[in-house]
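**Student:** For reference, the sequence and a predicted model appear below.
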Amino acid sequence: MKRNRFGINLDEGIPLESYEDYEILFVDCFREAAAKLRLWFEQEDAPPVLVGGQIGSGKSTLIAKAIGECNSPPDVTLHFDRESTNLDIGDFLAITLAGLIDMAIRTNADLSHLSLPQELGQEESADWRGLLEGLRPKVFNMQSFSRRTHLRKNIAENRDYFAQAIVEMGKQIERSLGRSLVVFASGIDKFSTKEASSLAVNDIVALLSTFKTLFEVNAVHLFSKPGSSFHVLNRIFVPTAEEGAILEILSKRMGIYAKGLEKQLADIAGCSGGNPRQALRLLSHFVSAGKNKDRSGTEKLAFAIRETRSDFFSYAAKPSAELMKLVKGTGKIGSALFSLPGDRETAGTALYGNWIFLQQSLGGDGWRAIPNPLVGAFFEHAFTPEDPEMQILRRFSETHDVSPSGLGLSRIDEKTGKVKTSDQLLWEYLFSGVELPIHCNLTEVLDVLGAALLSRERADRAIIAFKDKGIIDAARSYLFAKANTFEYQRLAHIVVKGGVGQEPLAEIDEFLSGATDIYSMEFEGEWYAQQLDALDKRRDTFIAKQILWWISLDDLKSYLPHWTQLRQLFEVFVLEDELLGSISAVDLEADLAFFSDLVEAVESSEGNLVSNLRKVLRYLHHVGRGGEDGQ
């Protein structure tokens, strides 16, 4: 992503990667963890280690920076989150095998005693490059996908044999290197300990512990019960960041525009809970809210809190109120709660889903913890004065006298028929995003998506839920038209079907391998849990893309509980049925007349804009809001 050296740099808190990223935006939040990680890289015979933190804590950036600074970066990097499809042991072994074959080829390791290529269908026993191409195809199509699927199935059926072959191959590579093989197992953090795939994850962790391996894990993996492959490994914990560090992150993101926003940025830092990604999502919504010039600073903060809560927590599996109140009241939690069978106390759900934040170890079994400021008060019977979000809403109510029209809420209680109190209205506004996503009209959606869709220099993603399928073609065309207002952008759209006999991840992979600027996908079919879980693990494959997902609201309700990771990257919008109510057929016809005269080529900004505006106009005629044919 291209960065603005002095201006605003917003994204969803994706890991920093380039030299420019670190030069402009990096803040050293975790010096103790960074020092331990550097020491691990420097020690040649260091044992395997878990580097764990909660979603959005900054662990990927921490690891990437340590790798960039060390003299001996990993020999093999395995992306378990980006390459898995079925979330079974065949997937994990195949990904590992491909990584080691690649390294063996690069180091000329002696693999003459292994016959894996021939055993897996190659004509010659030494055709390691051909086997690597089958396991990790450079060109993605249905043929290469089918071959890869066949290979992984074969590997899964002979799991013990291939596990031993991987160990033998690793030893040969170490002999060739004259030192320990260093492996980075990336993406283990995307796999919850409660999923069926946890058994396969446990097996691959045990296998890779044969080598000097760094495992990127979620904080919940640090508390695995005895008997687990995680339990016996050394660990480096990435905690929440200090509020001052979060404030520095926000200030760097705003560049020269941070001056004059000190109070608002401090409020955002207070609501972040020390989680960098949460802070950046709040900041993104705060800046978006500023496009409405009538909003005060406090209104923008209230909007940012509500929208961020909706993105991260709508339809999510919730921990018990008793657990949240315990953490709120004591400021700590016992680590034994995270490994109880079946997540009996829902502590694992709270930790993996960021309902609570771990700050530091208190020694023994205790950990200092806080409820996530965005949701903590949701579990209380009343607000508490120290809640940062409550302070913001109090300032909001003082300015607007809790006007029901200003809050956009109904003042009459539907159950009792009585007028709601000020506290009730505040409660509903603040927590409207916990139970359901925020509903928007098209204009509001464009306010948020405009910065991405109007520039190829940004890569943002959105899930757009709809109630009326008949309206989405027009909505999509209008968005695509806006995307081509100022520059030509290529647009591609497909329908992805899930369900029995379908391969939706393969369709998505093939679609994303094509060259375009905006990738639009409509979800159809009866997606089952394994497909939704597998898609969730692939979050990081979407980071560099401009993506729109169109999903019916009824389906989205069942999808979001499976998408703990994806919802960190995508913003969620629900389009109201009247979303095109503000679009005038007369205005569209005027735009068409103007831009049609500018069209010099079909594949141009003006050509795309005109084509899509005509589709919108045809829809308006269809619903009785136009006069001419619109052709």
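**Tutor:** Happy to help now that I have it.
**Student:** Hmm, Ile24 is touching Arg5, no?
**Tutor:** Yes. The pair Ile24 / Arg5 is scored as a contact, 6.0 Å apart, by Cβ atoms under 8 Å. Quick note: C-beta positions are derived from backbone N, CA and C, even for glycine.
**Student:** what residue ranges in the stretch 401-550 of the chain are flagged as low confidence?
**Tutor:** Within the stretch 401-550 of the chain, the stretches with pLDDT under 70 are 401-459, 470-471, 474-475, 477-488.
**Student:** how about the strands in it?
**Tutor:** In the stretch 401-550 of the chain, the strands defined using DSSP state E, counting those that start in this stretch lie at 439-440, 461-466, 491-498, 518-525, 546-552.
**Student:** Can you give me the neighbour number for Arg175?
**Tutor:** Neighbour count for Arg175, taken as other Cβ atoms under 10 Å: 13.
**Student:** What is the least confident helix or strand in the protein?
**Tutor:** The weakest-scoring helix or strand in the chain, judged by mean pLDDT, DSSP states H and E, is helix 404-407 (a mean of 34).
**Student:** that older thread, more neighbours: Ile24 and Arg5, which one.
**Tutor:** Counted by other Cβ under 10 Å, Ile24 and Arg5 do not tie: Ile24 has more neighbours, with 17 against 10.
**Student:** For the more buried one, list the residues it contacts.
**Tutor:** Neighbour list for Ile24: Arg3, Arg5, Asn9, Lys252 [criterion: Cβ atoms under 8 Å, 6 or more residues apart in numbering].
**Student:** Looking at those, which one is closest to Val287?
**Tutor:** Asn9 (10.8 Å; Cβ to Cβ).
**Student:** Could you count how many residues lie near the closest one?
**Tutor:** Neighbour number of Asn9 under other Cβ under 10 Å is 19.
**Student:** ok, now which ones touch it?
**Tutor:** Asn9 touches Arg3, Ile24, Leu25, Lys252, Arg253, Gly255, counting by Cβ under 8 Å, 6+ apart.
**Student:** Mind checking what secondary structure the second one has?
**Tutor:** The local conformation at Ile24, judged by DSSP: H, G, I helix; E, B strand; the rest coil, is helix.
**Student:** The fifth one now?
**Tutor:** The local conformation at Arg253, judged by three-state DSSP, is helix.
**Student:** Grab the nearest non-local neighbour of Leu519.
**Tutor:** Check again: residue 519 is Tyr, not Leu. Leaving aside its sequence neighbours, Tyr519 sits nearest to Ile547 (Cβ to Cβ, 6 or more residues apart in numbering; 5.0 Å).
**Student:** what about the nearest residue to Ile249 once chain neighbours are set aside, helix or strand, and which?
**Tutor:** If the residues on either side of it in the chain are set aside, Ile249 comes closest to Val27, at 4.9 Å by Cβ to Cβ, 6+ apart. Here Val27, judged by DSSP states H and E, is contained in no helix and no strand.
**Student:** and what of Ala66?
**Tutor:** Assessed by DSSP H and E, Ala66 sits inside helix 59-69.
**Student:** Strands of the stretch 201-350 of the chain, start to end?
**Tutor:** Going by DSSP E, counting those that start in this stretch, the stretch 201-350 of the chain shows strands at 212-218, 234-238, 332-334.
**Student:** Can you say which of those strands is nearest to Asp533?
**Tutor:** Closest of these to Asp533 is strand 212-218, at 14.6 Å (criterion: Cβ to Cβ).
**Student:** For the closest one, give me every contacting residue.
**Tutor:** With Cβ under 8 Å, 6+ apart as the test, strand 212-218 has contacts from 40, 45-55, 59-60, 63, 74, 180-192, 205, 208, 221, 230, 233, 352.
**Student:** Okay, angle between that strand and helix 59-69 too, please.
**Tutor:** Per axes from the mean of the first three to the mean of the last three Cα atoms, to 10 degrees, the angle that strand 212-218 makes with helix 59-69 is 150 degrees.
**Student:** Neighbouring strands - and their directions - for strand 212-218?
**Tutor:** With DSSP bridges as the test, strand 212-218 is paired with strand 49-53 (parallel), strand 182-186 (parallel).
**Student:** Also compute the angle for the first one relative to strand 234-238, please.
**Tutor:** Note on geometry: by the same axes, to 10 degrees, strand 49-53 and strand 234-238 are set 20 degrees apart in direction.
**Student:** Give me the distance from strand 49-53 to the chain's centre.
**Tutor:** Its chain's C-alpha centre and that of strand 49-53 lie 19 Å apart, by Cα atoms, centre = their mean, to the nearest Å.
**Student:** The last one too?
**Tutor:** Between the centre of strand 182-186 and the centre of its host chain there is 21 Å, according to Cα atoms, centre = their mean.
**Student:** what does stretch 71-80 give?
**Tutor:** Centre to centre, stretch against its chain (Cα atoms, centre = their mean), the figure for stretch 71-80 is 22 Å.
**Student:** Which neighbouring elements make contact with the helix holding Ala66?
**Tutor:** Packing partners of helix 59-69 (3 or more Cβ pairs under 8 Å, 6 or more residues apart in numbering; DSSP states H and E): helix 31-42, strand 49-53, strand 212-218.
**Student:** and if we set it to 10 Å?
**Tutor:** helix 19-25, helix 31-42, strand 49-53, strand 182-186, strand 212-218, strand 234-238 (3 or more Cβ pairs under 10 Å, 6 or more residues apart in numbering; DSSP states H and E).
**Student:** Just want the angle from that helix to helix 31-42.
**Tutor:** 50 degrees.
**Student:** So for helix 59-69, what gets flagged as buried?
**Tutor:** Lys59, Ser60, Thr61, Leu62, Ile63, Ala64, Lys65, Ala66, Ile67 (16 or more other Cβ atoms under 10 Å).
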